[in-house]
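Enquirer: Have a look at this fold, sequence not included:
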DNA sequence: AGAAACAAACAGACAAGCATGCATGTTTGT
DNA sequence: ACAAACATGCATGCTTGTCTGTTTGTTTCT
């Protein structure tokens, strides 16, 4: 191996692909961190917070517990950073959707479907584990707040953009937004015990007509729906 | 003590209240079981499944781990029986509401509020812990199914009764029911991170108008809302 | 009716397993 | 040569289930 390094030079030799390539400290560090975060997220999903042991996480990531301990001061630190990472990723995703919305190239149906994609799958399960654990873990709870707020704000902004042209008043839009979020959260929760895509599709269909009908009803001037404005102090 | 028993007779002596009263085996057994179940439910709520240790449960119940182990074969057994107990209790509660509904003495608003009472508070937190644990615990999952079905069926029946006279078609009612359930589940979930009664009250208000408006819209003969019937194969 | 035999209810101690954090070495890059 | 990245073993604490011993209630037999 030493011979190899001598023969082919320190880095970027064309043949280095075959041997253990030399990387910078930063690269090494970044990769193991990434692998650990991925592994954490995976195990959070399919074992849950309590059963996702650091030993298993390290194993799954293909590194040793020593490496894990070197990069993250504790299990909770690892979990927090992992969840943060995931959430920020999705915030990016949301911003992309926002672009589509601004361009006006997204139907109500497609928009709702897009949101359901957000809420079904890995993201929800991870945050579910995180939230339930956070109920009894002050550190997790504390660390969770700010990112969640960010996430929620991004989503809310996109939503507002979408309904900007529909003639609905702000408070109504806010109420519909929060209701939609709660609905989807509830649907996701049910997903755990009931695996039935058609059922959720029907529910989504129902919701779309409600949203459509509701905005229509509003346009024709009906009663006030929420008693007060909800200016996004959401979590 | 032996003397006491001798003096006052075996059972039901008027003065026995002051001394350790003699109870039948069944009474003794029933009480400690009840205490253990209560303690389990409490700790499930404020420590979560993983952190609710049998040691703490026994301590909280005022009995020893030996007694716990005598009555329940394992921690999971205890948890399952506790949750079953709670759920059946609430099923009774639901049936009472059903009586009110049948008597016609419940407004839509009151009905929705009543459901929210079901979903906010202890019941939800317990089932949340149970469900999240059940995700990775086949035994819990298995045991959870039948009671949940019962619970859901009771609720669904009551709901159907309520909308029987509104002129809505069955499929619409079913869709609205499931949507309502999901909404409330989602609201409950949010409760963990956001304590803001006014917010939830607003959401509930929004939902009431949606339900009302929806049934109105239906009566005047609008489009179909759900593509297919949902005949309660819910979990 | 009273006492002995039995069974259920309960108490406390024990052992095994496991997860976390730390502390010590070793390799790799600067 | 120095520091960061990684590897490995150890020690502590905690939880669960089991096992043995004691108390309490019930039954049966005379």
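Expert: Cool, got the structure. The structure presented is a predicted model; accordingly, all values stated were derived computationally and were not measured. Residues are numbered from 1 along each chain as shown, chains lettered A, B, ... in the order given.

Enquirer: Helix, strand, or coil at residue A:94?
Expert: Of the three states, residue A:94 takes helix under DSSP: H, G, I helix; E, B strand; the rest coil.

Enquirer: count of residues packed around it?
Expert: By other CB atoms under 10 Å in any protein chain shown, 20 other residues sit near residue A:94. Any C-beta I mention is one placed from the backbone N, CA and C, and that applies to glycine too.

Enquirer: Just the pLDDT for the closest residue to it other than its chain neighbours.
Expert: The shortest distance from residue A:94 to any non-neighbouring residue, by CB to CB, 6 or more residues apart in numbering or on different chains, is to residue A:154 (4.6 Å). With respect to pLDDT, residue A:154 has a value of 95.

Enquirer: Tell me which residues touch residue A:154, please.
Expert: Remark: with contacts taken as CB atoms under 8 Å, 6 or more residues apart in numbering or on different chains, residue A:154 is in contact with A:91, A:94, A:95, A:98.

Enquirer: and the residue nearest to the third one when sequence neighbours are not counted, what helix or strand is that in?
Expert: What sits nearest to residue A:95 in space, not counting adjacent residues and going by CB to CB, 6+ apart, is residue A:154, at 6.4 Å. Secondary structure from DSSP states H and E places residue A:154 in helix A:138-162.

Enquirer: quick check, the next helix or strand after that helix touching chain B?
Expert: Sequence order places helix A:170-191 as the next helix or strand after helix A:138-162, per DSSP H and E. Yes - residues of helix A:170-191 contacting chain B under CB under 8 Å from any CB of the partner chain: A:175-176, A:178-179, A:181-187, A:189-190.

Enquirer: gap between residue A:41 and residue A:81?
Expert: Remark: distance between residue A:41 and residue A:81 (CB to CB, to the nearest Å) = 11 Å.

Enquirer: For chain A, which residues are neighbours of DNA strand C?
Expert: A:20, A:22-26, A:28, A:52-55, A:65-66, A:69, A:73-76 (CB under 7 Å from any atom of the strand).

Enquirer: Separate out the buried members of these.
Expert: A:52, A:54, A:75, A:76 (16 or more other CB atoms under 10 Å in any protein chain shown).

Enquirer: can you name the two of those that are farthest apart?
Expert: Greatest spatial distance among those (CB to CB): A:52 and A:76, at 11.5 Å.

Enquirer: coming back round to it: tell me which of the buried ones among the residues of chain A next to DNA strand C is nearest to chain B?
Expert: Among those, residue A:52 lies closest to chain B (CB to the nearest CB), at 9.5 Å.

Enquirer: Quickly find the element holding the residue in chain A positioned nearest to DNA strand D.
Expert: At 2.1 Å from DNA strand D, residue A:66 is the closest residue in chain A, using CB to the nearest atom of the strand. Following DSSP H and E, one finds residue A:66 within helix A:65-71.

Enquirer: Tabulate the residues of helix A:170-191 next to chain B (JSON lines), appending pLDDT.
Expert: Shown next, in JSON lines, are the residues of helix A:170-191 next to chain B (pLDDT from 0 to 100):
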{"residue": "A:175", "pLDDT": "93"}
{"residue": "A:176", "pLDDT": "94"}
{"residue": "A:178", "pLDDT": "96"}
{"residue": "A:179", "pLDDT": "97"}
{"residue": "A:181", "pLDDT": "96"}
{"residue": "A:182", "pLDDT": "97"}
{"residue": "A:183", "pLDDT": "98"}
{"residue": "A:184", "pLDDT": "97"}
{"residue": "A:185", "pLDDT": "97"}
{"residue": "A:186", "pLDDT": "97"}
{"residue": "A:187", "pLDDT": "97"}
{"residue": "A:189", "pLDDT": "96"}
{"residue": "A:190", "pLDDT": "95"}
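
Enquirer: Of these, which is the most crowded?
Expert: Neighbour counts for these peak at residue A:183, which has 29 neighbours (criterion: other CB under 10 Å).

Enquirer: residues touching it, list them.
Expert: Per CB under 8 Å, 6+ apart, neighbours of residue A:183: A:203, A:207, B:179, B:182, B:183, B:186.

Enquirer: repeat for residue A:67
Expert: Listed by CB under 8 Å, 6+ apart, the contact partners of residue A:67 are A:32, A:36, A:58.

Enquirer: tell me the pLDDT at residue A:171?
Expert: pLDDT recorded at residue A:171 is 84.

Enquirer: re earlier: the contacts of residue A:67 in strands, which ones?
Expert: Applying DSSP state E to the contacts of residue A:67, no entry is found in strands.

Enquirer: number of nearby residues for residue A:61?
Expert: Residues within reach of residue A:61, counting by other CB under 10 Å, total 22.

Enquirer: Next: residue A:107.
Expert: The number of residues packed near residue A:107 is 10, by other CB under 10 Å.

Enquirer: So what does it have for phi and psi?
Expert: Backbone torsions for residue A:107, taken as degrees, to the nearest 10, come to phi -80, psi 160.

Enquirer: related to what we said a few turns ago, any idea how far the residue nearest to residue A:95 is from residue A:127?
Expert: As judged by CB to CB, residue A:154 and residue A:127 stand 15 Å apart.

Enquirer: try residue A:81
Expert: Going from residue A:81 to residue A:127 by CB to CB gives 15 Å.

Enquirer: Those two - which one has more neighbours?
Expert: Each of residue A:81 and residue A:127 has its neighbours counted (other CB under 10 Å); residue A:127 has more, 25 against 17.

Enquirer: What strand or helix carries that one?
Expert: Per DSSP H and E: helix A:122-134 holds residue A:127.

Enquirer: and that helix, is it in reach of chain B?
Expert: Yes - if you take CB under 8 Å from any CB as the test, helix A:122-134 does meet chain B, through A:128, A:129, A:131, A:132, A:133, A:134.

Enquirer: Give the buried residues for that helix.
Expert: So for helix A:122-134, counting by 16+ other CB under 10 Å, buried means A:123, A:124, A:125, A:126, A:127, A:128, A:129, A:130, A:131, A:132, A:133, A:134.
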